[in-house]
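**Student:** sequence? don't have it. structure:
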Ligand code: B16
Ligand code: MG
């Protein structure tokens with residue numbers, strides 16, 4: 001089937017906001033009297049804000065009421081947004097802007113498929129919001145990846161069949177979501193981690209949209 005759309009994850013594919021999430025979560029953990037390291041932070045990639053908080057509290061053996069959880073999730077998000085608000089075009093990962101522009105020139109439709117509720121602000125700050133036809137993010141979905149909901153809604157929003165989409169993802173759970181949606185999955189990162197992807201590249205600077213389409217033929 002002809003490929004008509006590309007669906008991009010945000011954090012780890014378009015920009016590297018994982019480092020901002022890490023800083024903000026770490027500050028919160030320190031406030032609560034414990035610490036997290038980079039290895040633990042890896043497990044939070046692609047996971048929604050509240051699910052991340054639950055995992056963090058379990059890790060630190062801290063029990064909070066629902067009200068307190070909501071309060072701390074907001075505090076973390078405010079710290080995270082202080083960093084996001086300083087983002088510029090320089091924070092876009094290598095090759096991404098060219099890749100998006102070349103995809104559009106080929107007539108391929110483009111959507112975002114991210115767990116983040118801050119996705120549109122991040123795309124606005126980095127100046128690439130106009131390159132996306134549709135955004136599906138944490139504000140539009142009920143189920144986190146590996147559930148396919150975010151990508152199914154992306155295909156629907158672009159008015160294409162699931163089989164006509166390629167998903168670009170840096171998280172194992174995100175690739176699982178793409179495969180559950182019957183889509184091709186290009187992993188962005190390490191082959192050892194993204195063993196469930198159709199193929200893996202280090203970043204969007206590595207191949208052009210045409211190269212990707214040829215590799216899937
Ligand atoms: P927010 P993605 C995910 O983005 C991040 O990888 C994950 O660490 C974060 O908790 C999640 O977004 C929610 O983000 O707090 O901004 O709503 O990889 O799905 O683009
Ligand atoms: Mg990601």
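**Tutor:** Perfect, thanks for sending it. Every value quoted in this text rests on a predicted model; they were computed, and no experiment measured them. Ligands and ions are numbered 1, 2, ... in the order given.
**Student:** what's the local residue count around residue 3?
**Tutor:** Neighbours of residue 3 under the rule other CB atoms under 10 Å: 20. No exception for glycine: its C-beta is placed from N, CA and C like everyone else's.
**Student:** helices and strands around the helix or strand of the chain with the lowest mean pLDDT, which ones?
**Tutor:** When each helix and strand of the chain is scored by mean pLDDT, DSSP states H and E, helix 38-42 comes last, with a mean of 90. Secondary-structure packing of helix 38-42 (3 or more CB pairs under 8 Å, 6 or more residues apart in numbering; DSSP states H and E): helix 18-31.
**Student:** how about this structure: which residue is closest to ligand 2?
**Tutor:** residue 12 (3.7 Å; CB to the ion).
**Student:** ok, that residue - contacts?
**Tutor:** Residue 12 makes contact with 18, 45, 46, 170, 171, 188, 189 under the criterion CB atoms under 8 Å, 6 or more residues apart in numbering.
**Student:** and for the least confident helix or strand of the chain, what are the contacting residues?
**Tutor:** The contact list for helix 38-42, computed with CB under 8 Å, 6+ apart, reads 18, 21, 22, 25, 26, 59.
**Student:** quick one: the third one from residue 39, how far?
**Tutor:** Spelled out, that is residue 22. Distance, residue 22 to residue 39, by CB to CB, to the nearest Å: 11 Å.
**Student:** so between the two, which is more surrounded?
**Tutor:** Between residue 22 and residue 39, residue 22 has the larger neighbour count (other CB under 10 Å), namely 19 against 7.
**Student:** once you drop chain neighbours, what's closest to the more buried one?
**Tutor:** Spatial nearest neighbour of residue 22, chain neighbours left out: residue 41 (4.5 Å); criterion: CB to CB, 6 or more residues apart in numbering.
**Student:** burial count for that neighbour?
**Tutor:** Other residues near residue 41 number 18, with proximity taken as other CB under 10 Å.
**Student:** how close does it get to residue 63?
**Tutor:** Counting by CB to CB, the gap between residue 41 and residue 63 amounts to 22 Å.
**Student:** quick check: the residue lying farthest from the centre of the chain vs ligand 1, distance?
**Tutor:** Within the chain, residue 33 marks the point farthest from the mean C-alpha position, 29.0 Å out by CA atoms, centre = their mean. Distance of residue 33 to ligand 1, computed by CB to the nearest ligand atom, to the nearest Å: 22 Å.
**Student:** ok, now which ones touch that residue?
**Tutor:** Residue 33 touches 60, 62, counting by CB under 8 Å, 6+ apart.
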